[in-house]
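Novice: Structure for this input, please:
(one chain, ligands or ions: 1)
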Amino acid sequence: MIQRSHEFLDTAPLHELQNSLGDIDRKITFIDGFYLQRIYSRIIDKNEMQSSHMHVIFEDNLVCTHDENDKRYHARPIICGSPSIISIAGIVEGPAKPKGYYFKQMLKDLLSLNSKEIENEFADSYVSHEDPRLVPVATGYAIQAVFFFLTNGNPFCSNYPCRLFNSHWQEELIYTQVIKPVLCKDHLGILAKANEGFSRD
Ligand SMILES: [Zn+2]
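Specialist: The predicted structure follows:
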């Protein structure tokens, strides 16, 4: 099983660490997000580095960043900047699944359940690989990448629901990106203002 972001050890190598994604036996690599961003930035045409251009990369591998406070790597669904990187594996592995999921996985032997049964029970409450809900969720992160530039680097929102809400739980992510994918009043206002600016140019 792949470890969730907060469980990565400080000693884990950054590159080429192969993780098996449980039952589907999928291999992924986890990569330092800022390192990856630097590599991609070098291949962007110099004429497209201005704010009038925006580059978004959808990455299959797990993108992580190192937190100096807790000395651990954290999975990131998105690294904003030039380019912005949206990690599909980061969407799956970053935000936490429901507490009941972890509780049952921990006690599955006592409860006489297997992992598959628990995954099926909670399937609606988290996105998985090959999940069609990944499309609207990744779209939400692309919107966040746009707002990173519209808000001078502050794309997260504390209003719930809003597509820019910083979801720490999969259920929040599904609600804000799939069930009720709306922008809050504040961010609709920022978008309208930006649109006026673009119309004048
Ligand atoms: Zn908002």
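Novice: where does Val63 land in three-state SS?
Specialist: strand (DSSP: H, G, I helix; E, B strand; the rest coil).
Novice: and it, how many neighbours?
Specialist: Burial of Val63 is recorded as 29 neighbouring residues (other CB atoms under 10 Å). Heads up, the C-betas are built off the backbone N, CA and C, glycines and all.
Novice: And for Glu172?
Specialist: Neighbours around Glu172, by other CB under 10 Å: 16.
Novice: go on, the one 4 residues further on?
Specialist: Using other CB under 10 Å as the criterion, Thr176 is surrounded by 24 other residues.
Novice: same question, Ser82
Specialist: 18.
Novice: try Leu111
Specialist: 13.
Novice: List the residues that contact the residue most central in space within the chain.
Specialist: Nearest to the mean C-alpha position of the chain, by CA atoms, centre = their mean, lies Pro77 at 1.6 Å. For Pro77, the contact set (CB atoms under 8 Å, 6 or more residues apart in numbering) comprises 86-87, 90-91, 94-95, 141.
Novice: What of Glu59?
Specialist: 31, 36, 85-90.
Novice: Need the pLDDT of the residue nearest to the centre of the chain.
Specialist: Note for Pro77: predicted pLDDT of 96.
Novice: and of the contacts of Glu59, the nearest to the ion?
Specialist: Nearest to the ion out of the contacts of Glu59 is Ile86 (CB to the ion; 18.6 Å).
Novice: near the ion at all, stretch 187-201?
Specialist: Yes. With CB under 5 Å from the ion as the criterion, the ion is reached by stretch 187-201 at His187.
Novice: which residues touch that stretch?
Specialist: 147, 150-151, 157, 159, 162-164, 183.
Novice: residue boundaries of the strands in this structure?
Specialist: Shown for the chain, the strands assigned by DSSP state E span residues 18-20, 27-32, 56-59, 62-67, 72-75, 78-79, 84-87.
Novice: Can you check which of these gets nearest to the ion?
Specialist: strand 78-79 (15.6 Å).
Novice: And the protein, what are its domain boundaries?
Specialist: Domain segmentation of the chain under automatic domain parsing yields 1-94, 96-126, 127-201.
Novice: now for the shortest one, what's the gap between its first and last residues?
Specialist: Taking CA to CA, to the nearest Å, the span from the opening residue of domain 96-126 to its closing residue is 8 Å.
Novice: That one - what's its average pLDDT?
Specialist: So the average pLDDT for domain 96-126 ends up being 95.
Novice: which of the residues in that domain are buried?
Specialist: 96-97, 101, 104-105, 118-119, 122, 126 (16 or more other CB atoms under 10 Å).
Novice: next one: stretch 40-52
Specialist: Tyr40.
Novice: Which pLDDT value does the model give Ala71?
Specialist: No, residue 71 isn't Ala; it's Lys. 89.
Novice: do the same with Phe30
Specialist: 85.
Novice: For it, which non-adjacent residue is spatially closest?
Specialist: Excluding the flanking residues, the one nearest Phe30 by CB to CB, 6 or more residues apart in numbering is Leu62, at 4.0 Å.
Novice: Please list all residues in contact with that neighbour.
Specialist: 2, 19, 28-31, 75, 87, 89-90, 93.
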